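Undergrad: Okay, predicted coordinates and the sequence, questions at the end:
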Amino acid sequence: MNIGIIGSGTMGISIAHFMAQKNHSTTIFDSSKISLKQGKKKLLTLLSKLKEKEKYTEKEYSNILENLNFAEDIKKIKKSDLLIEAIIEDSEVKKKLFTEVEKIVSKKCIIATNTSSLSITSLASSVNENGRFIGMHFFNPANLMPLVEIIPAIQTNNKTVEESKKILQEMGKTVVTTKDTPGFIVNRVARPFYGEAIRIFEEGLANFETIDWAMKEIGGFRMGPFELMDFIGNDINYTVTKTVFEEFYFDQRYKPSFTQKRLMEAGYLGKKTGRGFYNYIDESEKNISKNRELGKNIVLRILAMLVNEAADAYYLNIASKKDIDLAMTKGVNYPKGLLKWADEIGVDTIFKILETLYDKYCEDRYRPSPILRKMTKENIKFY
Ligand SMILES: NC(=O)c1ccc[n+]([C@@H]2O[C@H](COP(=O)([O-])OP(=O)(O)OC[C@H]3O[C@@H](n4cnc5c(N)ncnc54)[C@H](O)[C@@H]3O)[C@@H](O)[C@H]2O)c1
């Protein structure tokens, strides 16, 4: 296949890496020559390191290099069968680009956007023949993370949906399909992992080192919420939360936190600036209170909030049960699918935790999804 990629930033480069590795001829264009040069250098350096580490044979390495083309002229994407846009997250800039792209590529070319937060339907409106327009949300780094969320716009035709799924599955990706709603599956369902952890910290129930310890040690998560926010970048994580909050017409469930906003304002962005919740320059001993009872309560509270999001997404037909669980295990490495986990803990137990929180705080943030209420009443499981 001929793959066209627009944008040679973090995502464009890692999607190109993946495609070239899967033996597809891949052309990358960026409107900034400097970005294109930087992206190329970054990718070639990574590939040569991987070859040194014997992740690729000489033959594989030379094939990947042969498959990669860096173009300073957008017309070089002309032959694309699949075009993936990965430029800055700006609706107007993206729409302008799609109008231009449509004039260059063939009518058969699938036009996909990798946007994390914009409406696919709104972006599709910039293309005349928009039945072939679709959202393909890859995860960072796209060459390693197996998940891709497929998001049909209102205008997308079935053929495009089926072809897109097939193409990605044949390349070995785990594909889930989701409705065009804010945050799709992962960025919506994962919000409480960060938000509820910060809330527990703000209330002074535990410090962030202890919350991270509990989520890893007792919850089985690979990283604690605060470590993960520092890793993602507090600027990026805060912005995603804020966008989801605004897009959901200020639903209190997604309310961002001042704690994280202040860190962002201070430039404490996390690992990349040497300081976030943790200090990476002057690393001091972590102050963890290894109280298992407290740890268990922390995990259950965050987990109940996560399950509530997953259950509500299912209730509102955002995606299937299976896809919601797959998205969280393959997209953000959760130890278990949240709905499967709810069955194990007991849907009634989850519901009770939420109801207790709702009673205690009288905040809409803790309102249980109607499906949990119904399932508890009727004593049914997700699977
Ligand atoms: N970074 C992530 O973890 C992540 C994950 C999933 C999806 N996304 C989405 O992927 C997209 C790209 O994100 P990123 O982190 O790679 O951004 P980035 O800032 O690293 O790169 C963006 C690139 O787009 C180029 N660009 C800007 N306007 C352009 C135009 N009109 N034409 C061609 N190139 C243009 C810039 O020069 C830059 O090289 C965004 O929509 C983002 O929401 C990002």
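TA: Received the coordinates, thanks. Numbers count the residues shown, from 1 in each chain.
Undergrad: From here on, just use CA atoms for contacts and neighbour counts.
TA: Fine.
Undergrad: got the buried residues for the helix or strand where Tyr314 lies?
TA: Element membership for Tyr314 (DSSP states H and E) is helix 292-315. Within helix 292-315, the residues that qualify as buried by neighbour count (16 or more other Cα atoms under 10 Å) are 295, 298-315.
Undergrad: now do stretch 316-332
TA: Neighbour-count burial for stretch 316-332, with 16+ other Cα under 10 Å as criterion, is recorded at 318-321, 323-332.
Undergrad: Contacts made by that stretch with the rest, please.
TA: The contact list for stretch 316-332 (Cα atoms under 8 Å, 6 or more residues apart in numbering) reads 139, 145-149, 174, 176-179, 181, 184-186, 190, 310, 313-314, 334-340, 382.
Undergrad: Stretch 265-276 close to the ligand?
TA: No. Shown here: stretch 265-276 not in contact with the ligand (Cα under 6 Å from any ligand atom), separated by at least 13.6 Å.
Undergrad: The strand or helix carrying Asp323 - what's its average pLDDT?
TA: Here Asp323 sits within helix 321-331, counting by DSSP H and E. Here helix 321-331 scores 97 as its mean pLDDT.
Undergrad: go on, stretch 215-234?
TA: Per-residue scores along stretch 215-234 average to 96.
Undergrad: Between the two ends of it, how far is it?
TA: Terminal residues of stretch 215-234 are spaced 19 Å apart (Cα to Cα, to the nearest Å).
Undergrad: what do you get for stretch 101-117?
TA: In stretch 101-117, first residue to last residue: 21 Å (Cα to Cα).
Undergrad: about what we covered before: report the buried members of the contacts of stretch 316-332.
TA: Applying the neighbour count, that is 16+ other Cα under 10 Å, the buried entries in those are 139, 145-149, 174, 176-179, 181, 184-186, 190, 310, 313-314, 334, 336-340.
Undergrad: Tell me which of those residues fall in helices.
TA: Members of these lying in helices (criterion: DSSP state H): 186, 310, 313-314, 338-340.
Undergrad: neighbouring contacts of the helix or strand containing Ile167?
TA: Following DSSP H and E, the helix or strand that holds Ile167 is helix 158-170. For helix 158-170, contacts defined as Cα under 8 Å, 6+ apart pick out 110, 131-134, 148, 150, 152, 174-175.
Undergrad: So which of those wins on neighbours?
TA: Neighbours here mean other Cα atoms under 10 Å. Within those, the largest count is held by Phe133, at 31 neighbours.
Undergrad: And the closest residue to that residue other than its chain neighbours, how far from Ser320?
TA: Excluding its sequence neighbours, the residue lying closest to Phe133 (Cα to Cα, 6 or more residues apart in numbering) is Ile111, at 4.9 Å. Distance of Ile111 to Ser320, computed by Cα to Cα: 25 Å.
Undergrad: Contact residues of the stretch 1-150 of the chain facing the ligand?
TA: Residues of the stretch 1-150 of the chain lying close to the ligand (Cα under 6 Å from any ligand atom) are 6-12, 30-32, 35, 86-89, 93, 97, 114-116, 137-140.
Undergrad: and those residues, which of them are in helices?
TA: Checked against DSSP H, those include these in helices: 10-12, 35, 93, 97.
Undergrad: Derive a ChimeraX selection command for the buried subset of the residues you listed.
TA: Restricted to buried positions by 16+ other Cα under 10 Å, the ChimeraX selection for those reads:
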select :10,11,12,97
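Undergrad: Using JSON lines, lay out the ones in helices among the residues of the stretch 1-150 of the chain next to the ligand together with pLDDT and distance to Ile104.
TA: Formatted as JSON lines, these follow (pLDDT from 0 to 100; distance: Cα to Cα, whole Å):
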{"residue": "Thr10", "pLDDT": "92", "distance to Ile104": "25"}
{"residue": "Met11", "pLDDT": "95", "distance to Ile104": "22"}
{"residue": "Gly12", "pLDDT": "97", "distance to Ile104": "19"}
{"residue": "Ser35", "pLDDT": "97", "distance to Ile104": "22"}
{"residue": "Val93", "pLDDT": "97", "distance to Ile104": "17"}
{"residue": "Leu97", "pLDDT": "98", "distance to Ile104": "11"}
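Undergrad: which two from the ones in helices among the residues of the stretch 1-150 of the chain next to the ligand end up farthest apart in space?
TA: Across these, the longest distance by Cα to Cα is 18.6 Å; it joins Thr10 and Leu97.
Undergrad: Centre of the chain to stretch 215-235, how far?
TA: Taking the mean of its C-alpha atoms, stretch 215-235 sits 15 Å from the chain's own mean (Cα atoms, centre = their mean, to the nearest Å).
Undergrad: let me redo that: stretch 51-61
TA: In terms of Cα atoms, centre = their mean, the centre of stretch 51-61 is found 29 Å from the chain centre.
Undergrad: now do the same end-to-end measure for it.
TA: End to end - Cα to Cα - stretch 51-61 spans 7 Å.
Undergrad: now do stretch 331-344
TA: Distances were taken as Cα to Cα; on that basis the terminal residues of stretch 331-344 are 21 Å apart.
Undergrad: does the ligand sit close to that stretch?
TA: No. Judged by Cα under 6 Å from any ligand atom, stretch 331-344 makes no contact with the ligand; its nearest approach is 10.4 Å.
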